[in-house]
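Engineer: the sequence isn't on hand, but the structure is:
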């Protein structure tokens, strides 16, 4: 009887130790070398090998929050809250590990600087970015994305230097409800309060942030 009790205690203790060791390991770390290979084979044609897309139709991915990029790939693959036929095809070939790795790789790359092009809207873009519009209940973009658009790790994406055309398209998609993968409808509620002029001004201003 004593031997059985001792064995049971030993087994329970071993289980606790194993569980602690497993928990201490945490999630697997991203492999940027594997991510680079995936980027070259799957993503480079549109986003460039280093994530600095050469055309405004495709967003710059270099320097973006890895968690944000991985989430977008998951959403594209699910084809529900964020739909894009091209990205559906690309994301469908990727496993969760692939998504994590390629997101980490692009996140580690140096983003190329962008520039604002419309000098007539800089003041409006800056006002909305820094202070929002209290009268309309429009929050400052900087309150989530940071003063210089660098974003907040695991929470809000980097926007600085992004193509104005791409940012404008996404704000319009949020406003129309065509893109619905924002937690708690945060971006949809913000974009709903923005006019076309607001969207254009903010998108152009963001492109020039560094």
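Structural biologist: Right, received. Where do you want to start? A quick note: this is a predicted structure, and the numbers were derived from the prediction, not measured. Numbers count the residues shown, from 1 in each chain.
Engineer: sketch out the low-pLDDT regions of this structure for me.
Structural biologist: Regions of the chain meeting the criterion pLDDT under 70 cover residues 1-26.
Engineer: distance between the helix or strand containing residue 127 and the chain's centre?
Structural biologist: Under the assignment given by DSSP states H and E, the secondary-structure element containing residue 127 is helix 122-131. Its chain's C-alpha centre lies 23 Å from the corresponding centre of helix 122-131 when counted by C-alpha atoms, centre = their mean, to the nearest Å.
Engineer: can you show me the helices along this structure?
Structural biologist: Remark: helices of the chain, listed N- to C-terminal, are 2-25, 32-38, 44-47, 66-78, 85-91, 96-107, 122-131, 142-145, 164-176, 186-191, 196-207; assignment by DSSP state H.
Engineer: how about the contacts made by the most centrally placed residue in the chain?
Structural biologist: Centroid check for the chain by C-alpha atoms, centre = their mean gives residue 68 as the closest residue, at 2.6 Å. Taking C-beta atoms under 8 Å, 6 or more residues apart in numbering, we find residue 68 in contact with 103, 151, 156, 157, 158. (Glycine included, C-beta is placed from N, CA and C.)
Engineer: and for the closest residue to the last one other than its chain neighbours, the neighbour number?
Structural biologist: In space, residue 158 comes closest to residue 151 once its chain neighbours are excluded; the distance is 3.8 Å by C-beta to C-beta, 6 or more residues apart in numbering. Neighbouring residues of residue 151 were enumerated by other C-beta atoms under 10 Å; the total is 19.
Engineer: what do you get for residue 159?
Structural biologist: When counting by other C-beta under 10 Å, one arrives at 27 neighbours for residue 159.
Engineer: so it makes contact with residue 152?
Structural biologist: No: the criterion here is C-beta atoms under 8 Å, and residue 159 misses it with residue 152 at 11.2 Å.
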